[in-house]
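J.: dropping the sequence and predicted coords here.
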Amino acid sequence: MNQLTVLVSAYACYPPTTAEADAYDRQLAGGESILGWNLIGQIARFHRVVVLTEERNRPGIEKSLAGLPQPNVEFRYVSLPVRWKRFWHNAFVEHLYYFFWQMRALAEARALQAERGFEIAHHITYANDWMPSYIGAFLPVPFIWGPIGGGQRYPKGFQREFPLSVRLGELGRVSAQGIGRHLIRARRRCANRARAILVCNAETKDLFPPRLHGKIEFFPVTGVSQEDLGPPVRPRRPDGVLRVLTTGRLVPFKRFDFAIRAFGRFLSENPGTESLFEIVGEGPEGPRLERLVKDLALGDRVRFIGWLSRNDVLAKMQECDIFLFPSLREGGGIVLIEAMACGKPVICLDTAGPGFHIQDGWGIKVEPRSPEYVIAGLARALGRLAGDAGLRERLGAAARMRMEEYYVWDRLGERLRDIYARAMAMPKE
């Protein structure tokens, strides 16, 4: 198809950080920001792109562009007259800011439309279904929405173990989502106007009325670059220790406590197995998880590594034998895709993003029936993989193949190119 002039709305957009990055840069370079950054680069392979993004992203973007220019991309920075650092750590206030930021972005888009004549608009981040894209709802050009998530919820019965503050926070999150989906008219208009809605899990698709399902496509919010792939499998270390790895922000919904308890049960059921469980990440759950390790008398069989750069995480993945990921309501799950890229079998829960990414041919999923069922299931999966090196190799090889076929950014960019072509071929409104 001909090269188009594309307007992209990417509130979160930040290049991957280096090992020397400070905490603020690391926060900005989260999963949503990396999604925005990579998809913009892919769109620019085929089209001219103007990006509206939040002002806070300017330093990281300009630093990256100074080293590696993107001639087909122009960034325009939009902000509201408030001091960002006062509230960026508070999710509720940040989303409120984002809601009004969208209106400011629409005003900027309308001014640019008169100058540039955009042929298509695409909203990428935030990648959720419950807050509208005002550009999608009101800018009179063909519109693509996504990839988005938001339909993932805690399975029933899993919140009782959380402190009251966490349960209240979850109630607030779900209530805000309900308001967005059912009371904000711009959200319905956005969905109706979209020529394609890209979703990252089945739960999110089910939130849209059946009349819209014909224009919904599954599209991951995570990917890897060709440069990240490296060799499919590295030889095991000569010490013969079975290495289990998990990584992520240490927050309640990730349920790293399930992983620790399951590993402890695995050790008790397989006493002769030399094994090590490493947890890479930081977050408010860290002290509680460390106490749990002591209470279970796991000693140095469980190690907390802290924050690592992405390259160091990938190196850890290359060295491990099994990747364990017990998150309860993960919309996407970039670490799963990275583990697949490293040729590792994945153990996860059969819910939302992980349940979508991992299939029986390249991993093991545990149904989230109850906390006890999950812990027992994760322990059984660890025992099964620990005792069968051939199975680990087969699942890991299949995971690598699946990742190469579906999750490489260049392939995702080609899928987007085709989605744009179909959208442009549709009759005008």
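T.: Done, it's in.

J.: most remote residue from the chain's center?
T.: Gly272 (36.7 Å; Cα atoms, centre = their mean).

J.: quickly find the element holding that one.
T.: Remark: Gly272 resides in no helix or strand, with elements defined by DSSP states H and E.

J.: show me the contacts for it.
T.: Taking Cβ atoms under 8 Å, 6 or more residues apart in numbering, we find Gly272 in contact with no residue. To be clear about C-beta, it is placed using only N, CA and C from the backbone, and glycine gets the same treatment.

J.: separation between it and Arg380?
T.: Distance, Gly272 to Arg380, using Cβ to Cβ, to the nearest Å: 17 Å.

J.: one more: Leu198?
T.: 35 Å.

J.: who's more crowded, those two?
T.: Leu198 (24 against 17; other Cβ atoms under 10 Å).

J.: you'd agree the more buried one is up against Gly149?
T.: No: using Cβ atoms under 8 Å, Leu198 is not in contact with Gly149, being 10.1 Å away.

J.: so Phe100 makes contact with Pro81?
T.: No: Phe100 lies out of contact with Pro81 (Cβ under 8 Å); the separation is 10.7 Å.

J.: more neighbours: these two, which one.
T.: A direct count of neighbours by other Cβ under 10 Å for Phe100 and Pro81 places Phe100 higher, at 12 against 5.

J.: check contacts around that one.
T.: Contacts of Phe100 (Cβ under 8 Å, 6+ apart): Leu80.

J.: now do the strands in this protein.
T.: Assigned by DSSP state E, the chain shows strands spanning 5-10, 48-54, 73-78, 120-125, 143-148, 196-199, 216-218, 242-247, 275-280, 302-306, 322-325, 346-349, 363-366.

J.: and stretch 421-429, what's buried?
T.: Of all the residues in stretch 421-429, those buried under the rule 16 or more other Cβ atoms under 10 Å are Ala423.

J.: equivalent analysis for stretch 42-61, please.
T.: For stretch 42-61, by 16+ other Cβ under 10 Å, it's 42-44, 46-54, 56-57, 60-61.

J.: could you pull out the buried residues of the helix ranked longest in the chain?
T.: Among the segments of the chain that qualify as a helix by DSSP state H, the longest is helix 91-116. Of all the residues in helix 91-116, those buried under the rule 16+ other Cβ under 10 Å are 94-95, 97-99, 101-102, 105-106, 108-109, 112-113.

J.: looking at these, which is nearest Trp145?
T.: Distance to Trp145 across the buried residues of helix 91-116 (Cβ to Cβ) is lowest for Gln102, with 12.8 Å.

J.: residues in contact with the closest one?
T.: Counted by Cβ under 8 Å, 6+ apart, Gln102 has contacts 9, 11, 131-135.

J.: need the strands of the chain in TSV (columns: distance to Ile375 and mean pLDDT).
T.: Shown next, in TSV, are those (distance: least, Cβ to Cβ, whole Å; pLDDT from 0 to 100):
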stretch	distance to Ile375	mean pLDDT
strand 5-10	39	97
strand 48-54	40	97
strand 73-78	46	96
strand 120-125	34	97
strand 143-148	32	95
strand 196-199	30	96
strand 216-218	30	94
strand 242-247	14	95
strand 275-280	14	96
strand 302-306	15	94
strand 322-325	12	96
strand 346-349	11	94
strand 363-366	9	95
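
J.: to Tyr373, which of those lies closest?
T.: That would be strand 363-366 among the strands of the chain, by Cβ to Cβ, at 7.7 Å.

J.: partner strands of the closest one and their direction?
T.: Strand 363-366 pairs in its sheet with strand 346-349 (parallel), by DSSP bridges.

J.: pretty sure Met340 sits against Met401.
T.: No: using Cβ under 8 Å as the test, Met340 is too far from Met401 to be in contact (9.1 Å).

J.: pull up the overlap in contacts between those two.
T.: Both Met340 and Met401 are contacted by Trp362, under the criterion Cβ under 8 Å, 6+ apart.

J.: and the contacts of stretch 367-376?
T.: Residues outside stretch 367-376 that contact it (Cβ under 8 Å, 6+ apart) are 155, 157-158, 161, 255, 258, 261-262, 265, 326, 328, 349-351, 366, 377.

J.: which one of those residues is nearest Leu245?
T.: Among these, Pro326 lies closest to Leu245 (Cβ to Cβ), at 12.6 Å.

J.: excluding its backbone neighbours, what's nearest the closest one?
T.: Setting aside the residues directly before and after it, Pro326 is nearest to Phe258 in space (Cβ to Cβ, 6 or more residues apart in numbering), at 4.1 Å.

J.: so who does that neighbour touch?
T.: Phe258 touches 326, 371, 374-375, 378, counting by Cβ under 8 Å, 6+ apart.

J.: now with 7 Å?
T.: 326, 374-375, 378 (Cβ atoms under 7 Å, 6 or more residues apart in numbering).
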